[in-house]
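Colleague: here's my sequence, what's the structure:
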Amino acid sequence: MNRYAKNRNTPHLPPVERVEVGGRPSRGRLAAFILLLAVGAAALSYAFYTLVNGEGGWQRITADAPNAGDFTLLYDVGSGAGTPAAEKRALTACYQAALNEAYRAFNTYETFEGVNDLCTLNDHPNETFTVPAVLYRAFALLEQYGDRTPYLAPAYELYDDAFSCTDDAQAAYYDPAQSPEMAAWYAKVAEYARDAGSVNVELVGESELRLAVSDEYLRFAQENEAGTLVDLAWMANAFTVDWVAEQLIKSGFTRGSIASADGYTRNLDDSGAEYTYTCWRRDEGGVHSAAVLHYRGARSFVLFRDYPFGEDDRSHAYVFADGRRLTCYLDPADGVPRAALDSLTGYAADVGCAELLLALRPLYVADRWQPEPLETLAKRGIYAVYTDGQRLCHTDTAATLTDDGILQE
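Modeller: Numbering: from 1, shown residues only. A predicted model of the protein is given here:
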């Protein structure tokens, strides 16, 4: 049956009566008619103005990119030169281009015409490729910090499967605490990952990279069906946020902020306006706000956490019925997940999310919390907020922190 067909059972309406109206309209009616005409004209004019010039104010900017769902760009549209509509079009185009560039560069599952990405390096070990600037800069920074986390890629492939499990029996297979065989395999992967002679992304030229892999490790990868030998994994969105932020700033768009769902944020506004950032904590009662940081000026933020934000957050951790957690924070020492605290918020004014992450990762991905190095980091302008039991700790002596209640029970 066609749901758009007419309903033939409608009631019969009385015939329309034609009424002749003679004479000129009264002054009252004429005034009312002119008023309605003026209101209608004003409404049409406003609608046309809005269509052409656009609405201003804080808005969420959307983009046509495969990774757009992982990010939120909030922007004060109309704060720049030109009309709000023109600014929003230019802003959207810049945001969309930057997201797509990062997506294509960091992809480990597919290749794109004219782009040599991480998938290209993994598919062609020991070959040199000219790569996008965002990819080259990422590995230059990783080399600067001596961080070997991306080379745990074969282990991340299995932990990703663990995070997707729907019950503890499935997840137990991947858990090194319950499976000695898996613990030994993770440790072997970590042994290769720590050794630059076994696997390493080499900075060949100004924009060239080569994934150098030993014959022994290639045999191991083939025997164990490891499809990926290097992957930015949980770090990727930090590099993406930095890249997008830099492209927006370069194009003059600074009255906004971009954040990823997994805890990386860049506020671009250096105008002096006041902003807030929520720092989290976890206890037996759930996930709560530990404090709200009040600040002015551009900032980068990184949130480390050993828990998911709700049931839909399946790319970050698996929580067993007894409360134990498998997280994405793998220790290069043995490939086992570790978190020294339930939450750690880091922030800085002069470095991006990726560098902030690399500075704090060795402290967070550890068996126990050792805060002493935070003093040295504070001298570099890298600060931290965390809870030690019931005590709120922060390393920025000039920080303004307030309480903001509970996120969830």
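Colleague: correct me if wrong: A261 contacts F71.
Modeller: Yes - at 7.5 Å, A261 and F71 qualify as touching, with contact defined as Cβ atoms under 8 Å. Every residue, glycine included, has its C-beta placed from N, CA and C.
Colleague: identify the contacts common to those two.
Modeller: Shared contacts of A261 and F71 (Cβ atoms under 8 Å, 6 or more residues apart in numbering): N237.
Colleague: neighbour-wise, which of those two wins?
Modeller: F71 (21 against 15; other Cβ atoms under 10 Å).
Colleague: could you pull up phi and psi at the more buried one?
Modeller: phi -130, psi 150 (degrees, to the nearest 10).
Colleague: do a quick rundown of the strands in the stretch 251-400 of the chain.
Modeller: Secondary structure of the stretch 251-400 of the chain by DSSP state E, counting those that start in this stretch: the strands cover 256-260, 264-267, 274-283, 286-296, 299-305, 317-319, 325-327, 343-348, 382-388, 391-394, 400-402.
Colleague: let me have those strands in TSV, extended by mean neighbour count, mean pLDDT and distance to Y192.
Modeller: Formatted as TSV, the strands of the stretch 251-400 of the chain follow (neighbours: other Cβ atoms under 10 Å; pLDDT from 0 to 100; distance: least, Cβ to Cβ, whole Å):
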stretch	mean neighbour count	mean pLDDT	distance to Y192
strand 256-260	22	97	29
strand 264-267	24	98	28
strand 274-283	17	93	33
strand 286-296	18	93	36
strand 299-305	24	97	25
strand 317-319	20	92	25
strand 325-327	20	93	21
strand 343-348	25	98	28
strand 382-388	22	95	31
strand 391-394	14	93	37
strand 400-402	13	93	43
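Colleague: mind putting these into CSV with distance to A169?
Modeller: CSV is the format used below for the strands of the stretch 251-400 of the chain (distance: least, Cβ to Cβ, whole Å):
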stretch, distance to A169
strand 256-260, 32
strand 264-267, 33
strand 274-283, 25
strand 286-296, 25
strand 299-305, 26
strand 317-319, 12
strand 325-327, 14
strand 343-348, 29
strand 382-388, 33
strand 391-394, 38
strand 400-402, 43
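Colleague: any buried residues in whichever helix or strand Q170 is part of, and which?
Modeller: Secondary structure assignment for Q170, by DSSP states H and E: helix 168-172. Neighbour counts over helix 168-172 (16 or more other Cβ atoms under 10 Å) mark A171 as buried.
Colleague: Y151: what's its closest spatial neighbour, skipping adjacent residues?
Modeller: A193 (3.7 Å; Cβ to Cβ, 6 or more residues apart in numbering).
Colleague: who's in contact with the one you found?
Modeller: R148, Y151, L152, A155, V199, P332, G335.
Colleague: name the nearest of the residues you listed relative to L360.
Modeller: Lowest distance from L360 to those (Cβ to Cβ) belongs to P332, with 15.2 Å.
Colleague: ok, the residue lying closest to the closest one once chain neighbours are set aside - contacts?
Modeller: With sequence-adjacent residues excluded and distances taken as Cβ to Cβ, 6+ apart, P332 is closest to R148, at 4.8 Å. Taking Cβ under 8 Å, 6+ apart as the contact definition, R148 lies against A193, R194, A196, P332.
Colleague: one more pass at 10 Å, please.
Modeller: When contacts are counted by Cβ atoms under 10 Å, 6 or more residues apart in numbering, R148 touches L142, A190, Y192, A193, R194, D195, A196, V199, N200, P332, A333.
Colleague: report pLDDT for it.
Modeller: According to the prediction, R148 has pLDDT 98.
Colleague: which intervals of the stretch 51-200 of the chain have sub-threshold pLDDT?
Modeller: Scanning the stretch 51-200 of the chain with the threshold set as pLDDT under 70 gives 51-54.
Colleague: ranges for the strands of it?
Modeller: 57-61, 71-77, 128-130, 199-203.
Colleague: among those, which comes closest to Y103?
Modeller: For the strands of the stretch 51-200 of the chain, the distance to Y103 is smallest for strand 71-77, at 10.4 Å, taking Cβ to Cβ.
Colleague: list the neighbouring strands of that closest one plus their orientation.
Modeller: Sheet pairing for strand 71-77, assigned by DSSP bridges, gives strand 57-61 (antiparallel), strand 256-260 (antiparallel).
Colleague: any chance of those in TSV, with distance to G205 too?
Modeller: Formatted as TSV, the strands paired with strand 71-77 follow (distance: least, Cβ to Cβ, whole Å):
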stretch	distance to G205
strand 57-61	36
strand 256-260	30
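Colleague: and Y277, bridged to which residues?
Modeller: Going by DSSP bridges, Y277 forms beta bridges with L293.
Colleague: I figured it was touching V302, is that so?
Modeller: No - Y277 is beyond contact range of V302, at 11.0 Å (criterion: Cβ atoms under 10 Å).
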